[in-house]
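K.L.:
Got a sequence here, can you build the structure:
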Amino acid sequence: MKILFGLHGTTHTEIAQAEIDAFRRAGAETESCAYGNWGTASGMLNSLKLVFKNAGDLRRKAAAQGTNIVYLNTAFDKKTLVRDSITMFILKRSNPKLKIVLKFHGSESDVVAAKSMLKNYVLKNADLMLTLSTEERENFLRIGVPAQKVQVTANVIQKELYVQDPGFKKKAGLTDDTPVLLFVGRFMHEKGILDLVEACRLLKQSGTRFCLFCLGNGPLLEDVKAKIGQYGLEDNIKLPGHIPESETRRYYANCDVLVLPTYHQEGFPMAVFQAVGAGRPVITTRIRAAADYFVENEHCLWVEKKNPQQLYAQLLSLLTNKPLQDTMRVNNFALAEKFTADRIVGKLMEYFKTI
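P.N.:
Alright, predicted model coming up:
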């Protein structure tokens, strides 16, 4: 089996490399090629030029390798439908025997359900589609995609990467008994960042000691800063900004609770599952992959979207319940075993053999 990976240049590169290494251990011959726009092109014309360039590079590499399967890391939204349909047309025209696998790192439900010629082309010409949650697979089945053509997979979690540092709190200027909360993600409404700041206001009013680190940036950054100042939370909420993915590990490994009240339509929220890899308790919304793998009071506490009052109540409940925190740590560390590279790729090999 000869597989050509289409990879994003900056996002989840370690996940992809772990898959590539596991495919090689399983006996597959692998190559990789850039796919997507990671800030190298702006504007419609330049973005289209990059799409054609990347498609041409994939075509040439596939021909040189004698590729059987082109495995593209993508998503399912209006922009990616344009990119993927152009790419698939160029690849299939060059070699009709090529098999194309699409791994969706998120899918927009309304785009799946909408009528669209591009959508129909992608669904017809993809040989296999991989979603990251049961909910997303059901969305595709609901519009008539054959069951064997869409399967559920997961992202690789490497729990050995998360190493605890006994001096983490001291280095951050915190006392040993200060609970550390962690948010990682884009500062956008769908990630629930403003709801979390509001919940922190209530948490401070209750007299609870805590420090929240928010890793990331985005369109709501100034709004977040304004709320922190308005509520007097400067000592409670820290904004390190966007940092490289590899540097986030020390936060995952040393936080007490990962908090992500998201309703963004990603399939496998990596912040949540990196916390799993680090054996951390989680508070999040019951959607997509979280709903597939988590059991409340065993791995997480659930919150509703856009409900900062409930988020505050769940935070207070977990922070004042050390036995529950300990239970979640043990269970999440064990859950991470489901997401080893060899286990995930072993299942992918089974799927790939069917096409």
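K.L.:
tell me the domain boundaries of this protein?
P.N.:
The chain resolves into domains spanning 2-156+340-353, 159-338 when parsed by automatic domain parsing.
K.L.:
Report the mean confidence score over the first one.
P.N.:
Computed over domain 2-156+340-353, the mean pLDDT rounds to 93.
K.L.:
Can you show me the strands along the stretch 1-150 of the chain?
P.N.:
Using DSSP state E, counting those that start in this stretch, the strands of the stretch 1-150 of the chain run over residues 2-7, 29-34, 69-76, 99-107, 128-131, 150-152.
K.L.:
possible to save the domains of the chain as JSON lines with mean neighbour count?
P.N.:
Heads up, the C-betas are built off the backbone N, CA and C, glycines and all. Shown next, in JSON lines, are these (neighbours: other Cβ atoms under 10 Å):
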{"stretch": "domain 2-156+340-353", "mean neighbour count": "17"}
{"stretch": "domain 159-338", "mean neighbour count": "18"}
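K.L.:
In three-state terms, how would the nearest residue to residue 232 once chain neighbours are set aside be classified?
P.N.:
Spatially, and ignoring its direct neighbours in sequence, residue 232 is nearest to residue 204 (7.7 Å; Cβ to Cβ, 6 or more residues apart in numbering). Classification of residue 204 using DSSP: H, G, I helix; E, B strand; the rest coil returns helix.
K.L.:
give the contact list for residue 204.
P.N.:
210, 231-233, 236 (Cβ atoms under 8 Å, 6 or more residues apart in numbering).
K.L.:
distance of it from residue 210?
P.N.:
Applying Cβ to Cβ, to the nearest Å, one obtains 8 Å for the distance of residue 204 from residue 210.
K.L.:
Any chance you could list residues touching both of the two?
P.N.:
Contacts common to residue 204 and residue 210, judged by Cβ under 8 Å, 6+ apart, are residue 236.
K.L.:
what's residue 329 in contact with, if anything?
P.N.:
279-281.
K.L.:
okay if I get the residues you listed as TSV plus pLDDT?
P.N.:
Below are those laid out as TSV (pLDDT from 0 to 100):
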residue	pLDDT
279	97
280	97
281	98
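K.L.:
Export these to a markdown table and append columns for secondary structure and distance to residue 142.
P.N.:
Formatted as a markdown table, those follow (DSSP: H, G, I helix; E, B strand; the rest coil; distance: Cβ to Cβ, whole Å):
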| residue | secondary structure | distance to residue 142 |
| --- | --- | --- |
| 279 | coil | 36 |
| 280 | coil | 34 |
| 281 | coil | 34 |
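K.L.:
Alright, I will stop here.
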